[in-house]
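Visitor: Sequence and predicted structure are below.
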Amino acid sequence: MPTLLSGRRIFAAVAVALTIGGLLTPQIFSQTRLTGNDAVVAIAARSTFPNYKTTLKALSDMGTRQMIDSIPTESNTIAVAWLVRELGAMGYATTIFGTYRSVYCTKIGSRAPDSMYILCAHLDGVGGFSGNCDDDASGTALVVEAARAFAGAAVSTRCSIRFFLTNGHEAGYKGAIEYRDNRHDLQGKENPPGSRQFPEPVWLGLINQDLILYDHGNPAGPVQIPQASIRVNYCPWSYAESSLYMAQQFIAIDKVIFVGYPAVIPAGGGGLGAFDAGQFANYCPVISPEEGGGDAGYIANPLHHDDADTYETYSEADFALAFSAVQREVGEMAFLTQTTITGNTPAKSEPPVANAAPLSSSWSLLTRQHELTISASSRGTHTVKLSSLDGTPIMRRIGQGRMSYSLRTESVGAGLYVVTINADGNVMQKSVVIAR
């Protein structure tokens, strides 16, 4: 099996853009067709933190999205119609499937359209007055934003990707089971014969996203803990080696795009019983990343299935944890499907420093609780700038040689910020998560 290049960062001929917490801007690349790790970085850049939050809020604001057995509530019907419109606007042909009205669309592979990876989450929630924001608008928004990242003719994948939103999960995984039982025997069959069309490509693996917003410890505290993480459950009893491989690649992706929060694989694989992934475990390799707050199989979020599980309840740090899963998943999917991208747009950058000596600079970021340290080294003059997502400057320093700059983060709000370094003619950007 292919593996990510260990420890490698992606440097283009003109500019660099690596991430802590999410890649925010396109990069300048010297080539017009990106492959391998270059494509992983570029595809991750197509997912943005503001887009994820917008999609998450839209879903949560629809209400419970509950299915009562096979009967959708009004908010569930609204959610299905919204997903069809949203995915259709990206250029996908969208299907409403079965009695439980699950929704899926497919990025067709250019070389192996008869096989696919499935990226899924459940769109329905429980009753009451909740927006079911963590469970599971967080995962549904991830799938929608992943579909957005892979949309369009500029992105080509070797095999197919199915973006699948199950319905009826809270009634007993009904949508996942219905899909599995009705589609399993259709895998890899060309229809019509000779058409190179495969309505149900072979299942290479399934990645389920459920509960990715919240890690306030166990027992839960009032704010996100400093060691917040994503836990990557995998199936240890069926397709165990391939499932573990997918979990390892989910973690290894931060050797290419560092996303600000760690991901860990629990001993023994963790728990899949409460997730749609468990319904496919005997049919293909599966993993199910989730928030890392509790022990395997234990949900630490006290808002789970509670009326307070709404968008407004969560903090920017909570959203940033979820977005780290978006970045990991988009990057992993690009890697697994051998994605290529053509026709990239040049990045915005500051003008180069006059009389700079090229390729002589280095820099690093260090984040601690309440403190951000930026270190830069250059032969000539360098400029260090910290700004908000809308470009509002927060800190700007000019120096020469080897310098370190510290910022006490109590003075800024929690969330994602952009660090720009202009050193020796090289413009470099990272985004950084500041958590409270």
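Guide: All right, it came through fine.

Visitor: Check the spatially most central residue of the chain and give its pLDDT.
Guide: Nearest residue to the geometric centre of the chain (CA atoms, centre = their mean): residue 326, 0.9 Å. Per-residue pLDDT puts residue 326 at 94.

Visitor: could you point out where the chain is predicted with low confidence?
Guide: Within the chain, the ranges that satisfy pLDDT under 70 run 1-32, 258, 273, 293-299, 343-371, 389-390, 408-411, 413-417, 424-425, 429-436.

Visitor: got the domain boundaries for it?
Guide: 26-342, 362-434 (automatic domain parsing).

Visitor: and those domains, which is most packed in?
Guide: The highest mean neighbour count among the domains of the chain, using mean count of other CB atoms under 10 Å, belongs to domain 26-342: a mean of 21. Where you see a C-beta, it was placed from the backbone N, CA and C, and this is true even at glycine.

Visitor: which residue ranges form the helices in the stretch 1-150 of the chain?
Guide: 36-44, 49-61, 74-89, 138-150 (DSSP state H, counting those that start in this stretch).

Visitor: Kindly reformat those helices as TSV containing distance to residue 281.
Guide: Converted to TSV, these look like this (distance: least, CB to CB, whole Å):
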stretch	distance to residue 281
helix 36-44	27
helix 49-61	27
helix 74-89	26
helix 138-150	18
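
Visitor: Give the helix, strand or coil label for the closest residue to residue 134 other than its chain neighbours.
Guide: Leaving aside its sequence neighbours, residue 134 sits nearest to residue 213 (CB to CB, 6 or more residues apart in numbering; 4.3 Å). With DSSP: H, G, I helix; E, B strand; the rest coil as the basis, residue 213 sits in coil.

Visitor: now do the one 10 residues further on
Guide: Assigned with three-state DSSP, residue 223 falls in the coil class.

Visitor: State the distance from residue 90 to residue 109.
Guide: 17 Å (CB to CB, to the nearest Å).

Visitor: Kindly apply the preceding question to residue 229 instead.
Guide: 32 Å.

Visitor: Moving C-terminal from the strand or helix carrying residue 376, which element do we reach first?
Guide: Element membership for residue 376 (DSSP states H and E) is strand 371-387. Next in sequence after strand 371-387, counting helices and strands by DSSP H and E, comes strand 393-408.

Visitor: Export that next one to CSV, keeping only CA atoms.
Guide: What follows is strand 393-408, C-alpha atoms only, in CSV (Å, rounded to 0.1, in the frame of the first residue of the first chain):
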residue,chain,number,x,y,z
PRO,A,393,-3.8,43.0,11.5
ILE,A,394,-3.2,42.0,15.1
MET,A,395,0.6,42.0,15.3
ARG,A,396,3.3,43.2,12.9
ARG,A,397,7.0,43.0,13.6
ILE,A,398,10.1,43.7,11.4
GLY,A,399,13.4,42.2,12.3
GLN,A,400,16.7,40.8,10.9
GLY,A,401,18.7,37.7,11.6
ARG,A,402,17.3,35.2,14.2
MET,A,403,14.4,36.6,16.2
SER,A,404,11.5,35.3,18.3
TYR,A,405,8.2,37.2,18.9
SER,A,406,5.7,36.3,21.6
LEU,A,407,2.0,37.2,21.9
ARG,A,408,-0.1,36.8,24.9
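
Visitor: who does it touch, helix- and strand-wise?
Guide: Judged by 3 or more CB pairs under 8 Å, 6 or more residues apart in numbering; DSSP states H and E, the packing partners of strand 393-408 are strand 371-387.

Visitor: Fine by me, thanks again.
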